[in-house]
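A.B. asks: Model the structure of this input:
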Amino acid sequence: MRRADIIEILDGTHPRVGRGVALAIYGPIVVSAVVIAVETMPNLPAGVGQVLAVAEMVILAIFAVEYLLRLTCAANPLRYAVSFWGIVDFIAIVPAIVFLIPDLATVRALRLLRLLRILKLFKANRALDRIIAAVDKVKAEFLIFLGIAIVALYLAAVGI
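C.D. replies: Residues are numbered from 1 along each chain as shown. Coordinates of the predicted model:
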């Protein structure tokens, strides 16, 4: 199988299996969001904690394999690694890997970075590409609107 085919499959654009793989990646992303939310509940039974830990390890394995496949199949691996989506993919796995090291388990704030996995839902969505293209066309107007919004927010904050 060619590298380009693997990238198409992972991006969800392959004609035969792309959609199924994209949906298979969406599942762990949603499960990850649920696991992160459930972990925050106080007084969880030990059994539930163990199930959540196993789910996190499985999700970590899936995202790690995906990241490694993307790196090895990219025409320029370094360029992919420092791209926006490469960083999102990296952040999707690093916080969980950190918790495999017992000495770093106290750095609980890093767990919040796992929430960035939700950004992966937008990766294979072509509608997002169209929105980005549209925003690029009206960049000047968007910046003016943003400036007006910031001034309005400031005035409202001062008024309060």
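A.B. asks: confidence score at residue 67?
C.D. replies: Here, the pLDDT recorded for residue 67 equals 89.
A.B. asks: cool, residue 152 as well?
C.D. replies: 95.
A.B. asks: Please identify which helix or strand holds it.
C.D. replies: Assigned by DSSP states H and E, residue 152 belongs to helix 139-159.
A.B. asks: I'd like to know which elements the longest helix belonging to the chain is packed against.
C.D. replies: Determined from DSSP state H, the single longest helix within the chain is helix 46-73. Applying 3 or more C-beta pairs under 8 Å, 6 or more residues apart in numbering; DSSP states H and E, we find helix 46-73 packed against helix 3-11, helix 18-39, helix 77-81, helix 84-98. C-beta coordinates here come from the backbone N, C-alpha and C atoms, glycine included.
A.B. asks: Save these as TSV, and put in mean neighbour count, distance to residue 159 and mean pLDDT too.
C.D. replies: Shown next, in TSV, are the helices and strands packed on helix 46-73 (neighbours: other C-beta atoms under 10 Å; distance: least, C-beta to C-beta, whole Å; pLDDT from 0 to 100):
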stretch	mean neighbour count	distance to residue 159	mean pLDDT
helix 3-11	16	47	76
helix 18-39	16	36	82
helix 77-81	13	46	90
helix 84-98	18	37	78
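A.B. asks: Can you add distance to residue 141 and give those helices back as CSV?
C.D. replies: Putting the helices and strands packed on helix 46-73 into CSV (distance: least, C-beta to C-beta, whole Å) gives the following:
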stretch, distance to residue 141
helix 3-11, 31
helix 18-39, 33
helix 77-81, 31
helix 84-98, 23
